[in-house]
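Asks: With the sequence up front, the predicted model follows.
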Amino acid sequence: MTAATPRTPVIAIDGPAASGKGTLARRIAATLGFDHMDSGALYRAVALTVLRNGTPPEDTAAAIAAARALDPARAAAMQSDPAIRSDTTGTAASVVSAVPEVRAALLDAQRNFAAHPPGGRGAVIDGRDIGTVISPDAVAKLFVTADPEIRARRRLGELQGQGVAAIFDDVLADMKERDRRDSQKAISPMVAAPDAFVLDTSRMSADEAFAAALSFVRRALDR
Ligand code: DC
């Protein structure tokens, strides 16, 4: 009889745009020596491919074709393109992510990473549906959120830091629209898993949020 290989732990970190979940996920992964996957980057890569082909993100057939053609090496290579992080690409990613066939095409890459993180110790994956759909049996699930006005203020600061001219009201309106689309899509909507620890960072510094998240994750790993 062969013993089953123990599964490596998965930490699921979901939440809305500009909630700080990506920063938290990277810091937690670095602290624990786990591998990190930014699942939004996959949707962004699909969106940027569609936009670069001169096609609107609402073109469902184009989005499906781009998602099916996206291999991990190409997705990784696209991450060094500054356009991948723009709000135009983020909004387009939100549009293409509502297409069921796009989600299906990106499922294996995420589940494989969860099951076989390259370093072999564990995976931290951030996104919108990690705790609900990609890894419902994750050992720790966090749902990181903050008031829309606060997320818009943080995003405005980031944009200004990059020398991008932006107006608070526009950033806030875009953020609310993205929240609405991400949380109301018919499949895999953004929602906190019932067993997720909801971390509202509205009145926390980045270091306070990290300390709270790490302490929750460590407790879950020790269980
Ligand atoms: O996290 P982000 O802003 O990079 O994500 C961009 C878009 O991708 C987001 O608005 C919705 C979509 N997305 C998703 O549907 N499911 C995920 N697991 C991650 C992102």
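Replies: Happy to help now that I have it. Residues are numbered from 1 along each chain as shown.

Asks: Show me where this protein dips below the pLDDT cut-off.
Replies: Along the chain, segments meeting pLDDT under 70 span 1-6.

Asks: switch to 90 and redo it
Replies: When residues are selected by pLDDT under 90, those of the chain lie in 1-7, 71-74, 162, 164, 186-187, 223.

Asks: Alongside the ligand, which residues does it contribute?
Replies: Contact residues (Cβ under 6 Å from any ligand atom) of the chain with the ligand: 17, 39-40, 43-44, 90, 93-94, 97, 127-130, 178, 182. Just so you know, the C-beta spots here come from the backbone N, C-alpha and C atoms, and that holds for glycine as well.

Asks: Can you go through those and name the buried ones?
Replies: Among the residues of the chain next to the ligand, the ones that count as buried by 16 or more other Cβ atoms under 10 Å are 17, 39-40, 43-44, 90, 93-94, 97, 127-130, 178, 182.

Asks: Look up how far residue 175 lies from residue 49.
Replies: Counting by Cβ to Cβ, to the nearest Å, the separation of residue 49 from residue 175 is 24 Å.

Asks: so what's the nearest residue to residue 85 once chain neighbours are set aside up against?
Replies: With Cβ to Cβ, 6 or more residues apart in numbering as the criterion, residue 85 has its nearest non-adjacent residue at 7.7 Å, and that residue is residue 44. Contacts for residue 44 (Cβ atoms under 8 Å, 6 or more residues apart in numbering) come out as 78, 84-85, 89-90, 93.

Asks: try it again with 6 Å
Replies: 84, 89, 93 (Cβ atoms under 6 Å, 6 or more residues apart in numbering).
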